[in-house]
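*Asks:* Sharing a sequence plus its predicted fold:
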Amino acid sequence: MTQAATTGRKAAPTTHSGRGRPGYGRGDVIRIAVDEFNTRGYEATSMGALATRLGVSKSAIYHHVTSKEEILVEATDRALEALNGVVQEAEELEGTARDRLAVVIGGSTRVLCENPGYVTLLLRLRGNTEVELEIMERRRQVTRKLIDYVREAQEEGVVRPDLDAGLVGRLVFGMINSIVEWYRPDGELTPEAFSEITPSLVFRGLEAK
C-alpha cells in the first residue's frame, strides 16, 4: 500500500519544549514514528530504526516514549478520538437519522483528510497483540454506530430497505478509508470541502425512490 502520511522521509528537529532530548518534542517523535510505521510496517520498525530516522541515539528516544506500543496507542488514540468526536456530534444532533448518517460520513471523511498518517496506521493493524485487538475493537465500534444510523434511515424510509445495513456500513467506510491512498492535503480540495462531497455521493446510491 502507498504510504499516505503527510510527513516527509526527512524530519527536521523542532524547538518544542518538553521532556527529553533538546530539539525534539514528544509530538515530533510520535509523528515521525507514525511515518516509519506506515512506511516499513509497525512490526518491522524497531526502536533502533526509529532512532536512525531521528538521527539520535536509541537511548535518547526513551526520554520521550517507553516503547513502540506506547507510540502505537497514542497515535491511534488521536485518530479514534477524532472519529468518536464525529459520532458524538451525530448523537447530539436534533435531526433525522439521515442527518446523523450524513454527519458520520462527512465527519469521518474530514478526520481522515486531516490525519491521514494516523488513520492509515489505525487501518493497517492486524491484531497481532492484545493492544492491537483492543484498538481494533474501538475502531469497530465506530463502524457499528454507522450501521445503526443506516438501519434508522431505512426505518425512516430514506434509505433503500432492500440493502443489508451491515454491508452498506462497511462499504461506505471502505470507500472513505481508501482515500488515504491518494488524498493530498495540498491538493485542490480542503478536508472540509471533501467532507461535503462524500455524503452527497453516498446518498445518490442509497436513497429510496
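*Replies:* Yep, it's here.

*Asks:* next one: phi and psi at the residue nearest the centre of the chain?
*Replies:* The C-alpha lying nearest the average C-alpha coordinate of the chain belongs to V119 (C-alpha atoms, centre = their mean; 2.3 Å). Dihedral angles of V119 (phi, psi; degrees, to the nearest 10) stand at phi -70, psi -40.

*Asks:* the domain parsing of this structure - what is it?
*Replies:* 1-66, 69-206 (automatic domain parsing).

*Asks:* want to throw the ones you listed into a markdown table with mean pLDDT?
*Replies:* A markdown table is the format used below for the domains of the chain (pLDDT from 0 to 100):
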| stretch | mean pLDDT |
| --- | --- |
| domain 1-66 | 73 |
| domain 69-206 | 94 |
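
*Asks:* Distance from the chain centre to the longest helix along the chain, please.
*Replies:* Criterion DSSP state H: the longest helix present in the chain is helix 130-156. For helix 130-156, the separation from the chain centroid amounts to 14 Å (computed by C-alpha atoms, centre = their mean, to the nearest Å).

*Asks:* Quick check: buried residues in it?
*Replies:* 132, 135-136, 138-139, 142-143, 145-154 (16 or more other C-beta atoms under 10 Å). To be clear about C-beta, it is placed using only N, CA and C from the backbone, and glycine gets the same treatment.

*Asks:* Setting aside sequence-adjacent positions, which residue approaches S57 most closely?
*Replies:* In space, S57 comes closest to A51 once its chain neighbours are excluded; the distance is 6.2 Å by C-beta to C-beta, 6 or more residues apart in numbering.

*Asks:* next one: V142
*Replies:* L83 (5.0 Å).

*Asks:* what's the answer for K145, then?
*Replies:* V87 (5.1 Å).

*Asks:* Count the residues that sit near that neighbour.
*Replies:* 20 (other C-beta atoms under 10 Å).

*Asks:* show me the contacts for it.
*Replies:* V104, V142, K145 (C-beta atoms under 8 Å, 6 or more residues apart in numbering).

*Asks:* which one of these is nearest V159?
*Replies:* Closest approach to V159 among those (C-beta to C-beta): V104, at 13.2 Å.
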